[in-house]
Structures are given as structure tokens and as C-alpha cells.
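**Student:** Show me how the following folds:
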Amino acid sequence: MMIAEVIRDASTEHEIYFFLTAYIEAVRFCDKLDCLPTHITGLPLAGIDDLRGRFRTLELGKASNELDEQAGVVIGEALAIFGAALDRLGSLDGEMRRPLRGIDAQAA
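**Tutor:** Have a look, this model is predicted:
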């Protein structure tokens, strides 16, 4: 699950989307069982709302009892990676909204 770890350590939104795109391209090339539908593996990613929608679709798929074991593994991996990206994007957004200490001191 190295890609999820790299995403968690990404320092910019651009890096996160770069790694997600690389993951999606790899899945498109390697997923011979077609476990992930085209609307999950389609490119380009259209921002955080698109990513949230894909994540929710994957959650619903994982919850389905009709999954075989291999599909469950692929979907679980995608959930972990997409979830890591959503978490990191959220934390980067929080970091950007937090005022810098030097600026606060000067304003006071």
C-alpha cells in the first residue's frame, strides 16, 4: 500500500492528484478482471468532489455481498488510496486556512 503512504506524505494538492492519476493508470492497465468500473478509473480527475463521488461509489460496491474475494481486494485497495487522498486534501486545506504565526503577531 505504498501509494497511500506517499499520498499521506504529499505536500501539495498537485502531488496528490499526480499520484492518484498514476494509480488509476496502473489499475486501468493491470485490472484484467475489470473489478473497477470505468467511472472509477476514468481520467482526468475533476477535483475533490469527483474524488468524493468515486469514493462513495467504491464504498457501496464494497458493501455489496455479490463481490468475489478478488474484487473485494481491489476495491478495498482503491478505497484506502482514495480515502488517503481525501484525508490529505482535507488536511492541506486546513493548513492553508490556518494563519501564519508571524502574520498574527504583526497584526496584533
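**Student:** buried set for the helix or strand that Ala71 is a member of?
**Tutor:** Here Ala71, judged by DSSP states H and E, is contained in helix 69-97. Across helix 69-97, burial judged by 16 or more other CB atoms under 10 Å covers 71, 74-75, 77-79, 81-86, 88-89, 92. For the C-beta atoms, the positions are set from N, CA and C on the backbone; glycine is no exception.
**Student:** likewise stretch 38-50?
**Tutor:** So for stretch 38-50, counting by 16+ other CB under 10 Å, buried means 40-41, 45, 48.
**Student:** Just the endpoints, please. Distance across that stretch?
**Tutor:** The first and final residues of stretch 38-50 sit 13 Å from each other (CA to CA, to the nearest Å).
**Student:** Now do it: everything it contacts.
**Tutor:** Stretch 38-50 is touched from outside by 17, 20-21, 24-25, 27-28, 31, 51, 54, 57-58, 78, 86, 89, with contacts defined as CB atoms under 8 Å, 6 or more residues apart in numbering.
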